[in-house]
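K.L.:
Task: produce atomic coordinates for the following.
(2 chains)
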Amino acid sequence: MLSPEGESARRIDGLWWLMFWISVVVFAAVAGLMAVAIVRRRRRGPEVDASEPRWGDPFVVIAGVIVPAVILTSVLVVSARDMVAITNAGDAQLTIEVIGHMWWWEVRYPGGVETANEIHVPVGETVRFEVSSVDVIHSFWVPELAPKVDMIPGRTNVLDVRAERPGTSRGQCAEFCGLQHANMALFVVAEARAEFDPWLRNEALPAPVPGPGATAGLGILLDSSCVGCHTIRGTEASGTLGPDLTHVAARQTLAAGTIANTHENLAAWISHPQSIKPGAVMPPTDLSPQELSAVVEYLEGLT
Amino acid sequence: MASYAERLEPVWREGSGLASWVGTVDHKRIGLRYLYTGFAFFVIAGLEAMLMRVQLARPELAVLSPQAYNELFSMHGVTMMFLFATPVLSGFGNYFVPLMIGARDMAFPRLNAFGYWVFLGAGFFLNSAFIIRQAPDDGWFNYLPLANANFTPSLAIDFYALGLIFIGVSTTSGAINFIVTILKLRAPGMTLNRIPIFVWGELAFALTVVFALPALTIASVFLELERRFGFHFYDAAGGGDPVLWQHLFWFFGHPEVYLVVLPALGLASAIIPTFSRRTMIGYTYIVLAELFIFVISFGVWVHHMFAVGLPTIAMGFISAASFMVVIPSGTQIFAWLATMVSGRLVLSTPMLFVLGFILLFVIGGLSGAMFSAVPFDQATTDSYFVVAHLHYVLVGGAVFPMFAGLYHWGPKILGRKLDERLGKISFWLMFVGFNLTFFPMHIAGLLGQPRRTYTYHEGLGWDLPNLLSTMGVFVMGAGILVTFWNWLRSEHQGELAGDDPWGGETLEWTTGSPPPEYNFETIPTVRSREPAWDQPELHGGAQPPEQGGRPLTAGHTTLSTSVTDAEPQAIVRMPHASPWPMFLTLALMLTFYGMLLSSWGVAVAGAAASVGALMGWLWPRGETQET
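P.N.:
Residues are numbered from 1 along each chain as shown, chains lettered A, B, ... in the order given. Now for the predicted structure:
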């Protein structure tokens, strides 16, 4: 949040620093009065003082009621202005659906494009996110770009986001959603139209046909339990419980940001996911080392 | 004079055997039990927090399993809120409200005993979930649908829901008792504008309980109906709505925060005049502020839900109300500061804890005000910024005043002063340790660390704040242990306190330390807001009848007065010790365990036994009968 990359986050950052400096002043006033009380404590006076000083009640009313009311009302006005501005961010050219699962993010673009845990957006344009959930409540939160919004079963919430600069922002589920709430991250990649459009066109394509060395891997995969949950468009794998793997090799991480998408991690994730993300829905897949390496080789071709 | 004591002593004595231990209705013994039991739960929940901090010391540690971590943070919250904060503040209230208003006991002594037993029983019930390794694991906020039978099929959430219904019986009965005691049993002359602010705080606390708790009870009943019998209150697929739980929970949950803070603010108000050597400035404004907080706390619950996707207009109203609730806290703080500046501060341990409290509570209040700004709330809610904020409010705003209370009233309870040097060591360890633990969490939160995560990745800027937090928790823990050691040690070795070690202004300082079972030899007539300062004849706890003291030696009685002007109205016969409140609690426990385990026969037997125990409780027994 302290390094805003999006328009909404920049507004929130401004609001934060306004409130931060007001807080510093208020805290200094309180600590200062306390210091005065401590310094003056040894002066002479009656054993107990029962007087009601004339300044007493007016001081309490001014310092304790009127000044706070004025400050807080001003902040209320500023924050209400920001709330309205963030809600009405302008017409969105692109709508992306994000659906929460325990514990990963399903991402859908118009035209049947489906991916997971990594969202590409065109920089400088307002993008509308429509978020929901298939199981429990999750919360869509990319601090550098925008406020968070909950993903609630039975509801669809919207969040308009405009990335102001190219770059990758990390996000993470912000509503406690069970055992692996800690490992439910996502990445938003903001890039110029010149990069975004080809990316989206590629994502819309079916899986690349495997090269001669990788055909065996596809065969093994289609015979394994993988296909029960995962879809690879253009093949017979059409499960819907887990992330779409059509272009899995183009993604930076595996298991919703738990591990980097490397050769070793991919093999480890397939063979023993429970030691990497205990409680994840994905079961271990029983493959011989040769089979495993063939499957990994095939998946690595899915760019 | 002594003749009053000689006549009162046999009437009020409870003795010391098992029957007295089980049956006591003495508000001081019950209050002390609340304190000891509450602090025992504080230790348990504190150890849970330490385990979590060890797990989070570095990125990707595996000290705890994810399941264990989730159970610990859930039970830490439940225990701290329901089994530590509320009971300890009830304990202080139980012990000191009757003493401060010049009564001989609470209005309903047996209900008071019952409240304690139920608290103990419910505390055991909730923690027994650990024994069968099915502790609540969905947080103290327990959001649906995660907590439904589909996603959490174990008994964990049944322990949670039934346990909270059970503890609600205790809190509600205690609150009603406070309200009646404060409104009807004040010493003659203690008009509304002479009530000590601490007592006002307990009244605001009790009123908040009565209006807030039903929402939680209803929410929990709905939850059990959904989990056990397939109802669909919170099930979107069945026409319900998971957000309903959030509304009901926070309609209780936000006032719950204030009901923890209100008596704690009152505690500070009890200590500040004594250690500033002057009357409180702005008394009326402080009292109005406490009552205003009670009212407005019911209009701010939605600021826990700004990320839910509610209409902008609704969030605007709640945002304004949330900003408004900051004002009365500010009013009290500036009234205290005015009192301290124009008085002559005595920096004894109780006052040190109060000064620490003010600084921490101001930080917590300022960060809390920030959540009223909708966009900022949406950015930081459910992040570590909230964890930092809520601990500044609840530890800074309630635990520090409680420790101030231990040092302030310890001499009254124990008859001996606590050691000042150990007290100051404890304060500084707690103050430094607290800030080291919780201040860095602000930064971790602003850098995007979500709460309730059992681990985190390195390189996100969260490593250093988390390491500092883990170090801090041990410093703070050491400070807490020093006070406990101080208490246990001073119980036998402390310097004798005498009636009035601090030169206090309220009635509890006019009687013995510890006070006799009947509290005061004569029920005093009060002519001032600071009676112990303005009415020297009160000292010794036996105001002579010619100055208004009423011995009431004729029986086991106390005086009832009118609500506003405290004009004497009636002599109330008070019940004697009775084991029935404990029997009723045991029967209720049987009922709740029966429901937990779906052993409906056991549950029905428990319910029948409860009815029997109630009959035993209320059965007329000649002279000692009561209602």
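
K.L.:
got the CA positions of the host helix or strand of A:Gly219 in PDB?
P.N.:
Assessed by DSSP states H and E, A:Gly219 sits inside helix A:215-223. Listed next in PDB are the C-alpha coordinates belonging to helix A:215-223 (Å, rounded to 0.1, in the frame of the first residue of the first chain):
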ATOM      1  CA  THR A 215       4.200 -36.600 -26.700                       C
ATOM      2  CA  ALA A 216       4.800 -39.400 -24.200                       C
ATOM      3  CA  GLY A 217       4.300 -37.000 -21.300                       C
ATOM      4  CA  LEU A 218       0.800 -36.000 -22.700                       C
ATOM      5  CA  GLY A 219      -0.100 -39.700 -22.900                       C
ATOM      6  CA  ILE A 220       0.900 -40.400 -19.400                       C
ATOM      7  CA  LEU A 221      -0.900 -37.300 -18.200                       C
ATOM      8  CA  LEU A 222      -4.100 -38.300 -19.900                       C
ATOM      9  CA  ASP A 223      -3.900 -41.800 -18.300                       C
END
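
K.L.:
How about residues contacting the next helix or strand after that helix?
P.N.:
Using DSSP H and E, the helix or strand that follows helix A:215-223 in sequence is strand A:253-254. With contacts defined as C-beta atoms under 8 Å, 6 or more residues apart in numbering or on different chains, strand A:253-254 is touched by A:117-118, A:185, A:187, A:259-261, A:265-266, A:269. The C-beta positions use only the backbone N, C-alpha and C, and glycine is treated the same way.

K.L.:
ok, the nearest residue to B:His492 once chain neighbours are set aside to chain A distance?
P.N.:
Excluding the flanking residues, the one nearest B:His492 by C-beta to C-beta, 6 or more residues apart in numbering or on different chains is B:Arg416, at 7.8 Å. According to C-beta to the nearest C-beta, to the nearest Å, B:Arg416 and chain A sit 24 Å apart.

K.L.:
what sits against the residue lying closest to B:Leu360 once chain neighbours are set aside?
P.N.:
Nearest residue to B:Leu360 in three dimensions, chain neighbours excluded: B:Gly396, at 2.6 Å (C-beta to C-beta, 6+ apart). By C-beta under 8 Å, 6+ apart, B:Gly396 lies in contact with B:356-357, B:359-361, B:363-364, B:434.

K.L.:
end-to-end on stretch B:135-144?
P.N.:
17 Å (C-alpha to C-alpha, to the nearest Å).

K.L.:
center of the chain, which residue is that?
P.N.:
As the question left the chain open, I've gone with chain A. Centroid-nearest residue in chain A, with C-alpha atoms, centre = their mean: A:Gly171, separated by 2.7 Å.

K.L.:
was after chain B, sorry
P.N.:
Note: chain B centre (C-alpha atoms, centre = their mean) maps to B:Thr86, 2.4 Å.

K.L.:
which SS state does the residue nearest to B:Leu360 fall under?
P.N.:
Using DSSP: H, G, I helix; E, B strand; the rest coil, the structure places B:Gly396 in helix.

K.L.:
ok, it to A:Ser23 distance?
P.N.:
Distance, B:Gly396 to A:Ser23, using C-beta to C-beta, to the nearest Å: 15 Å.

K.L.:
Equivalent analysis for B:Thr453, please.
P.N.:
The spacing between B:Thr453 and A:Ser23, counted by C-beta to C-beta, is 27 Å.

K.L.:
which one of the two has more residues nearby?
P.N.:
More crowded of B:Thr453 and A:Ser23, by other C-beta atoms under 10 Å in any protein chain shown: B:Thr453, with 23 against 17.

K.L.:
Retrieve the pLDDT associated with that one.
P.N.:
With respect to pLDDT, B:Thr453 scores 97.

K.L.:
Pull the contacting residues for it.
P.N.:
So B:Thr453 contacts A:181-182 (C-beta under 8 Å, 6+ apart).

K.L.:
leaving aside the residues next to it on the chain, what's closest to the closest residue to chain B within chain A?
P.N.:
As assessed by C-beta to the nearest C-beta, chain B sits closest to A:Gly154 within chain A, at 2.6 Å. Among residues not flanking A:Gly154 along the chain, B:Ala236 sits closest, at 2.6 Å (C-beta to C-beta, 6+ apart).

K.L.:
Please tell me I have it right and the one you found contacts A:Ile137.
P.N.:
No. Between B:Ala236 and A:Ile137 there is no contact under C-beta atoms under 8 Å: 10.4 Å.

K.L.:
Need the residues touching each of the two.
P.N.:
With contacts taken as C-beta under 8 Å, 6+ apart, B:Ala236 and A:Ile137 have A:152-153, B:145, B:242 as neighbours in common.

K.L.:
Of these - the most surrounded one?
P.N.:
A:Ile152 (27 neighbours).

K.L.:
Could I get the phi/psi values of that residue?
P.N.:
phi -120, psi 130 (degrees, to the nearest 10).

K.L.:
just A:His138 next, same as before
P.N.:
Per degrees, to the nearest 10, the backbone of A:His138 is at phi -120, psi 170.

K.L.:
cool, and the one 5 residues further on?
P.N.:
Backbone geometry at A:Pro143, expressed as degrees, to the nearest 10, gives phi -60, psi -30.

K.L.:
Ok, A:Ala190 next?
P.N.:
Backbone torsions of A:Ala190, given as degrees, to the nearest 10, read phi -100, psi 130.

K.L.:
Next, count neighbours for the nearest residue to B:Leu496 once chain neighbours are set aside.
P.N.:
Closest residue in space to B:Leu496, ignoring its immediate chain neighbours: B:Arg416 at 5.9 Å, by C-beta to C-beta, 6+ apart. Using other C-beta under 10 Å, B:Arg416 is surrounded by 21 other residues.

K.L.:
try B:Pro620
P.N.:
B:Pro620: 8 neighbours (other C-beta under 10 Å).

K.L.:
tell me the SS of it?
P.N.:
Criterion first, three-state DSSP; result for B:Pro620: coil.

K.L.:
try A:Glu114
P.N.:
Here A:Glu114 is recorded as strand under three-state DSSP.

K.L.:
so it touches A:Leu245, yeah?
P.N.:
No. With contact defined as C-beta under 8 Å, A:Glu114 does not count as touching A:Leu245 (10.1 Å).

K.L.:
hey, what's in contact with both of these two?
P.N.:
Shared contacts of A:Glu114 and A:Leu245 (C-beta under 8 Å, 6+ apart): A:Thr231.
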